[in-house]
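Asker: Let me see the structure of the following:
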Amino acid sequence: MIQIREERPQDIAAREALLHACFGASRFAKTSERLREGRLPAEGLALSAERQGRVVGTVRLWHVEAGPDRPALLLGPLAVDSGLQGLGLGSGLMRAALARAERLSHGAVLLVGDAPYYARFGFDPRLAEGLAMPGPFERERFLGLNLRAGALDGATGLLRATGALDLLPIPAFADEAAVARRRAA
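Answerer: Okay, here's the model as predicted:
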């Protein structure tokens, strides 16, 4: 049986190993990572999927500002153990994360991802049309979801990271350039 639950401190190493297996070191070069780097995920919105005591899935949401004075969340990364892909665990993590975000009164979620996959959860590229990422990104993969009616309507501007800073050590799988950038900040 797989349990989706809040991430625990003891999940960190397993989560990082899972992300490394799914995305490799190139994940540290993505613009989305710049918005997450050095920050804690939004409270209550870091989830782990556990099977027989092992972390087999993860998803986290992060505070951002979607234009001036417009709070939102940035979702990612979403990862599932390769041996369990195609069984609905990714969808389960997404539904759990979005339900929690809505229950915690967040208004909107943004992400960079596969539009056909995320459309099933209500994500739409039109909701992110007026927004930009602070670095290179694939416009057609930049998607938004209103959890509260109209939350992203008319949103314009550059996404900006907000939320609590992370004072924990840098993950073991970070590449040297990412480590140097984080330490210089």
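Asker: going forward, measure contacts between C-alpha atoms and count neighbours the same way
Answerer: Fine.
Asker: Which residue lies closest in space to L19, excluding its sequence neighbours?
Answerer: Nearest residue to L19, sequence neighbours excluded (C-alpha to C-alpha, 6 or more residues apart in numbering): A79, at 6.4 Å.
Asker: mind checking how far A66 is from R160?
Answerer: As judged by C-alpha to C-alpha, to the nearest Å, A66 and R160 stand 7 Å apart.
Asker: ugh, typo on my part, it should be W62
Answerer: Taken as C-alpha to C-alpha, the span from W62 to R160 is 11 Å.
Asker: re earlier: comparing A66 and R160, which residue is more hemmed in?
Answerer: Using other C-alpha atoms under 10 Å as the criterion, A66 and R160 rank with A66 on top: 28 against 19.
Asker: so what's L47 up against?
Answerer: 4-7, 58-60, 93, 97 (C-alpha atoms under 8 Å, 6 or more residues apart in numbering).
Asker: Out of these, who's the most crowded?
Answerer: Counting by other C-alpha under 10 Å, top hit in the contacts of L47: T58 with 30 neighbours.
Asker: show me the contacts for it.
Answerer: Contacts of T58 by C-alpha under 8 Å, 6+ apart are 15, 46-49, 77-80, 93.
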